[in-house]
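**Student:** let's see this in three dimensions:
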Amino acid sequence: VLYVMSNGSPEENLKQIFRVFDINNDGSISLKELQRIVKDLFHLINEQNADEASQEVLAQSAFNEMDENHDGQVSEEEFIEACMTQKKFSTMLTLKIIDVFVSE
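**Tutor:** Numbers count the residues shown, from 1 in each chain. The predicted model follows:
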């Protein structure tokens, strides 16, 4: 994964990260998938201080930023757009995912 992150355009790298978020590989990210990613991410980084409420706020906030057309799903295009325009929660979550892969 680190090799993929060091090569290619930002858009190509974000497409790879999108695949991590899209747990069931259906081409979009649901709120449930994002909640699972956030929960697993907090577990991976041993964040003891993060309660379930703050995890839910992060997942919901990032999802709301990404879901531009409010259809209840985040498409690959919406995901890339949210990250490229550096929306706060979307960028924070994506950078945490990158940190996990880089530190492994």
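
**Student:** C-alpha only now, for contacts and for neighbours.
**Tutor:** OK.

**Student:** all helices for the protein, in order.
**Tutor:** Using DSSP state H, the helices found in the chain span residues 2-6, 10-21, 31-44, 52-66, 76-84, 88-103.

**Student:** now the angle from the longest one to helix 52-66?
**Tutor:** In other words, helix 88-103. Counting by axes from the mean of the first three to the mean of the last three C-alpha atoms, to 10 degrees, helix 88-103 lies at 110 degrees to helix 52-66.

**Student:** for helix 88-103, the distance to its chain's centre please.
**Tutor:** How far helix 88-103 lies from its chain's middle: 7 Å, per C-alpha atoms, centre = their mean, to the nearest Å.

**Student:** what is the neighbour count of Gly27?
**Tutor:** 14 (other C-alpha atoms under 10 Å).

**Student:** and it, its phi and psi?
**Tutor:** Dihedral angles phi and psi of Gly27 (degrees, to the nearest 10) take the values phi 90, psi 0.
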